[in-house]
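A.B. asks: here is the input, now give the coordinates:
(chains A and B)
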Number of protein chains: 2
Amino acid sequence: MSDPLLPGATIGILGGGQLGRMLSVAAARLGYKTCIFDPAGDCPASHVANFHLKAGYDDTEALERFAGSVDVVTFEFENIPTDALDLVERHRPIRPGREALRVSQDRLTEKTWLAGLGLVPAPFADVPDRAALDRAIAELGTPAILKTRRFGYDGKGQARIDTPADADAAWDAMRGAPAILEAFVTFEREISVIAARGLDGSVACFDPGENVHEDGILRTTTLPARIDHGRTTDAVLLAGRILTALDYVGVMGIELFVTADGLLVNEIAPRVHNSGHWTQDGTTIDQFEQHLRAVAGLPLGDGSRHCDMVMENLIGDYADRLDAILRDPNAALHLYGKAEARPGRKMGHVNRRT
Amino acid sequence: MSDPLLPGATIGILGGGQLGRMLSVAAARLGYKTCIFDPAGDCPASHVANFHLKAGYDDTEALERFAGSVDVVTFEFENIPTDALDLVERHRPIRPGREALRVSQDRLTEKTWLAGLGLVPAPFADVPDRAALDRAIAELGTPAILKTRRFGYDGKGQARIDTPADADAAWDAMRGAPAILEAFVTFEREISVIAARGLDGSVACFDPGENVHEDGILRTTTLPARIDHGRTTDAVLLAGRILTALDYVGVMGIELFVTADGLLVNEIAPRVHNSGHWTQDGTTIDQFEQHLRAVAGLPLGDGSRHCDMVMENLIGDYADRLDAILRDPNAALHLYGKAEARPGRKMGHVNRRT
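C.D. replies: Residues are numbered from 1 along each chain as shown, chains lettered A, B, ... in the order given. Sure, this is the predicted structure:
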């Protein structure tokens, strides 16, 4: 181990949603304490963390207190304000590091960076203003999808353009935010690789899962993905290049399109990822523990898959399905403790052995 | 479901040790909140529970507040003062119920009750005073083991008697507490059954595990136990009789001796049990979730075993073993967040696929 943080230490987590919640549980299993920083009072992670610092990302006093009370800092979402990160980093290491956040916080930066690494992102064009959108449509054709460069997730900040006539409405939906246009890619399937890199530079990947999205929200991840051995190797090598180029520490979710021409990189997320939730019931070391092992400087775990599996997200009101899920002998239920089941909101997930 | 408590409700847990900790994590996974009642400030369960009410079992005001803030009450140890239970039960259901606690809090009561049910406890004799000890030794022979009737665990409150000359020292070790003498049983092996009974009366058992104790403390549980199919059936039927006779709700640990003459009941514990920790990494629904499903009135889960396994307790200082455990591809590490690794103290456990 290179300078490991031993059990008993406190891991700070920026963000208190379901990812922070499941990170906190994995941290407890390894004997770590956790401190969640999140403005929301009853956030999912606060239920299971040792400490919850309820404050905004512009509260410098609270950020100082947070940094002073933890041994290392990680995060569960990538859109953390830069000033907050600057402040925290003066006191404690942030893992994964700033470069991964810089690259992944902005879709244009991310795609440009991936292309610079010799990887193939989905075709895209910069759309800083309305006039640029017309040029981008002319270049990439339709259908295409307009996305804000920053702060989009789960289909938010996106507008589909089926014909050039949709350009005005799509541009208005961006509310003046800088955007990029992405061409629709004809793909055989979407897969993702959940990859980890330790503090010592070692890399480990979970088996690629096959994803189905609806309305921009992940619905299911199925293991194994229906890809051949060569594609699996391609995916793992590609993941290794990304993590090593960023000197990355932690788990990253990498979404890929499988096309006739090879693998296209759709998106990278510098954190544990929804498409890796299957690991909780399909491996000895799940993505949450793997992330924390990396962040703490412990050796990475063995992520061998024990069984075939389908992870299904529970989105919105799931109450009428609860009894059937509980009675399914192959189903492991994971709920996030959210009080209100709003449409489109991720309330939990089910991991089913198949 | 018969009157189930739905996710979002709060489960109160009396006792904040490692069992309460792992119950809290399982409760969170099902979307429940937890409130721990424990006098100790930094107790293991407090790290992962929503609420920790730090107060003594004689603090009636705190017990009232606890009962008022939860929807149902369970516990992680059997030696809860009767007055505290009486008070809590006036406000909220306690599951498992009082009869299971009454029977299991006292070794003499427990053995007498088991015998009354037609089951076979290890041979025993009541030892209310020093003179009775001589009579008990004459009746049962030596070696034998003298145990306090109440409050013993992990080898505490026990003294071995190899010859009648050891009687004085053994009696002194009881410090005046009422005791029983137990004959040494010649057994092939020790096994335990982790059984559950739902609010609707359904019973489910995990596969029996084979236990190795040292100095009265569980060291390992190995799955499967080396017993034939008939013995497994015997064990399951026996467990069903105990749970049904007690109108039990929740998980119970039942320790058995396998002898040439059949199964002897060593001990019952009306709670999740150390010998059931393997289920965390060997089944879809582990003993902790199973207990909470029962307590909440949800359907019991399927506890099918996915793999062979050895659970090993980490007792006392384990620091020099940590790196090897983390590097073992088959090992899942579970630590309890205890600050001080005193000799004989359970600090965590390792579940190893074999």
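
A.B. asks: from the chain's centroid, how far away is stretch A:293-306?
C.D. replies: A distance of 18 Å separates the C-alpha centroid of stretch A:293-306 from that of its chain, computed with C-alpha atoms, centre = their mean, to the nearest Å.

A.B. asks: got the end-to-end distance for that stretch?
C.D. replies: Terminal residues of stretch A:293-306 lie 20 Å apart, using C-alpha to C-alpha, to the nearest Å.

A.B. asks: buried set for that stretch?
C.D. replies: Neighbour counts using 16 or more other C-beta atoms under 10 Å in any protein chain shown place A:293-301, A:303, A:305 of stretch A:293-306 among the buried residues. Yep, even glycine has a C-beta here, placed from its N, CA and C like the rest.

A.B. asks: also stretch A:113-130?
C.D. replies: Neighbour counts over stretch A:113-130 (16+ other C-beta under 10 Å) mark A:113-114, A:119-127 as buried.

A.B. asks: columns pLDDT, secondary structure and distance to chain B on top of the buried residues of stretch A:293-306, output as TSV?
C.D. replies: Output for those, formatted as TSV (pLDDT from 0 to 100; DSSP: H, G, I helix; E, B strand; the rest coil; distance: C-beta to the nearest C-beta, whole Å):
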residue	pLDDT	secondary structure	distance to chain B
A:Arg293	98	helix	7
A:Ala294	98	helix	12
A:Val295	98	helix	14
A:Ala296	98	helix	10
A:Gly297	97	coil	11
A:Leu298	97	coil	6
A:Pro299	97	coil	5
A:Leu300	98	coil	9
A:Gly301	96	coil	7
A:Gly303	90	coil	9
A:Arg305	97	strand	12
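
A.B. asks: ok, the residue nearest to A:Phe75 when sequence neighbours are not counted to chain B distance?
C.D. replies: Excluding the flanking residues, the one nearest A:Phe75 by C-beta to C-beta, 6 or more residues apart in numbering or on different chains is A:Leu14, at 4.0 Å. Separation of A:Leu14 from chain B (C-beta to the nearest C-beta, to the nearest Å): 19 Å.

A.B. asks: A:Leu14 and A:Val73 touch, don't they?
C.D. replies: Yes - A:Leu14 lies in contact with A:Val73 (C-beta atoms under 8 Å); the separation is 6.6 Å.

A.B. asks: what do those two both touch?
C.D. replies: Counting by C-beta atoms under 8 Å, 6 or more residues apart in numbering or on different chains, the contacts common to A:Leu14 and A:Val73 are A:Val88.

A.B. asks: got phi/psi on the closest residue to A:Pro39 other than its chain neighbours?
C.D. replies: The shortest distance from A:Pro39 to any non-neighbouring residue, by C-beta to C-beta, 6+ apart, is to A:Gly56 (4.8 Å). When read as degrees, to the nearest 10, the backbone of A:Gly56 gives phi -80, psi 160.

A.B. asks: dump the residue contacts of the residue nearest to A:Phe75.
C.D. replies: A:37-38, A:73-77, A:80, A:84, A:88.

A.B. asks: tell me what it is bridged to.
C.D. replies: Judged by DSSP bridges, the bridge partners of A:Leu14 are A:Phe37, A:Phe75.

A.B. asks: what pLDDT does it get?
C.D. replies: For A:Leu14, the pLDDT comes out at 98.

A.B. asks: repeat that for A:Leu243.
C.D. replies: A:Leu243 is assigned 98 on the pLDDT scale.

A.B. asks: mind showing which ranges of the stretch 1-150 of chain A have poor pLDDT?
C.D. replies: Counting by pLDDT under 70, the ranges of the stretch 1-150 of chain A that qualify are A:1-2.

A.B. asks: who in it is up against chain B?
C.D. replies: A:1, A:6-8, A:21, A:24-25, A:28-33, A:46-50 (C-beta under 8 Å from any C-beta of the partner chain).

A.B. asks: among these, which ones are buried?
C.D. replies: A:1, A:7, A:21, A:24-25, A:28-33, A:46-50.

A.B. asks: so which of these comes closest to B:Val236?
C.D. replies: The closest of these to B:Val236 turns out to be A:Arg29 (C-beta to C-beta; 30.0 Å).

A.B. asks: quickly find the element holding the closest residue to the closest one other than its chain neighbours.
C.D. replies: Spatial nearest neighbour of A:Arg29, excluding adjacent residues (C-beta to C-beta, 6+ apart): B:His334 at 5.5 Å. Using DSSP states H and E, B:His334 maps to strand B:331-335.

A.B. asks: that strand pairs with which strands, and in what direction?
C.D. replies: As assigned by DSSP bridges, strand B:331-335 forms pairs with strand B:346-353 (antiparallel).

A.B. asks: which residues sit against the strand it pairs with?
C.D. replies: With contacts defined as C-beta under 8 Å, 6+ apart, strand B:346-353 is touched by A:31, A:284, B:18, B:154, B:217, B:274, B:277-278, B:280-282, B:307-318, B:325, B:328, B:330-336, B:338, B:341.

A.B. asks: same question for stretch A:42-54.
C.D. replies: By C-beta under 8 Å, 6+ apart, the residues outside stretch A:42-54 that reach it are A:10, A:13, A:15-18, A:20-21, A:23-25, A:28, A:33-41, A:62, A:65-66, A:69, A:76, A:336-339, B:24-25, B:28, B:33, B:46-48, B:50.

A.B. asks: so which of the residues you listed sit within helices?
C.D. replies: Among the contacts of stretch A:42-54, DSSP state H puts A:18, A:20-21, A:23-25, A:28, A:62, A:65-66, B:24-25, B:28 in helices.

A.B. asks: if I pick the residue nearest to A:Asn351 when sequence neighbours are not counted, what's in contact with it?
C.D. replies: Computed as C-beta to C-beta, 6+ apart, the closest residue to A:Asn351 that is not its neighbour in sequence is A:Asp281, at 4.0 Å. A:Asp281 makes contact with A:309, A:332, A:351, A:353, B:284 under the criterion C-beta under 8 Å, 6+ apart.

A.B. asks: can you check A:Gly16 too?
C.D. replies: A:Gly16 neighbours (C-beta under 8 Å, 6+ apart): A:36-38, A:40, A:43-46, A:49, A:52, A:76.

A.B. asks: I'd like to know which of those residues are buried.
C.D. replies: By neighbour count, with 16+ other C-beta under 10 Å, these hold A:36-38, A:43-46, A:49, A:52, A:76 as buried.
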